[in-house]
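Participant: here's my sequence, what's the structure:
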Amino acid sequence: MAPCLALFLIWAGASVFLLLEPVNGETECVFPFVYENRKYFDCTRRGSIMYWCSLDAEYKENWKYCRNKDFARCYFPFIYHNKVYDNCTTLGSFNGKPWCSLSPNYDEDKVWKYC
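Facilitator: Residues are numbered from 1 along each chain as shown. The predicted structure is shown next:
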């Protein structure tokens with residue numbers, strides 16, 4: 001399950017509400033990361049209402065909410081249809097917008113974003 005945001009406990013007759021915080025500071029997202037046997041190349045909302053990322057290649061409950069600067073960047077150079085690209089391309093784009101791969105090999109990973 002994705003990071004828990006809150007926990008409500010009843011202990012010794014007293015109610016306690018604990019807010020479980022993500023790791024803060026200048027720690028970097030690790031891409032790709034594996035969470036629940038799935039590989040993520042960018043921030044995800046899986047199990048959460050807000051985008052988050054892992055701070056470990058294999059999710060170990062170290063995570064943080066994604067800020068604009070945390071989302072994955074284009075990976076250059078990348079391979080698309082067995083050709084190497086050093087910048088964004090419009091090839092294969094159904095609407096003509098330039099795009100890029102989020103991994104070294106789009107043909108294998110099929111992960112991308114618009115430039």
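
Participant: which stretches of the protein form strands?
Facilitator: Here the chain has its strands, by DSSP state E, at 6-11, 14-19, 33-35, 38-40, 52-54, 63-65, 78-80, 83-85, 99-101, 112-114.

Participant: which of those strands comes out lowest on mean pLDDT?
Facilitator: Mean pLDDT values for these show the minimum at strand 14-19, a mean of 37.

Participant: can you get me a residue count around residue 111?
Facilitator: 19 (other Cβ atoms under 10 Å). No exception for glycine: its C-beta is placed from N, CA and C like everyone else's.

Participant: so it sits against residue 101, correct?
Facilitator: Yes. Judged on Cβ atoms under 8 Å, residue 111 makes contact with residue 101 at a distance of 6.7 Å.

Participant: quickly list the domain ranges of the chain.
Facilitator: 23-70, 78-114 (automatic domain parsing).

Participant: mean pLDDT for the ones you listed: which is lowest?
Facilitator: domain 23-70 (a mean of 92).

Participant: what's near enough to touch the closest residue to residue 45 other than its chain neighbours?
Facilitator: Nearest residue to residue 45, sequence neighbours excluded (Cβ to Cβ, 6 or more residues apart in numbering): residue 51, at 5.5 Å. By Cβ atoms under 8 Å, 6 or more residues apart in numbering, the contact set of residue 51 is 43, 44, 45, 65, 66, 71.

Participant: leaving out sequence neighbours, find the closest residue to the last one.
Facilitator: Counting by Cβ to Cβ, 6+ apart, residue 43 is the residue found nearest to residue 71 once chain neighbours are left out, at 5.4 Å.

Participant: so the most centrally placed residue in the chain versus residue 65, what's the distance?
Facilitator: With distances taken as Cα atoms, centre = their mean, the residue of the chain nearest its centroid is residue 43 (2.3 Å). The gap separating residue 43 from residue 65 is 9 Å, by Cβ to Cβ, to the nearest Å.
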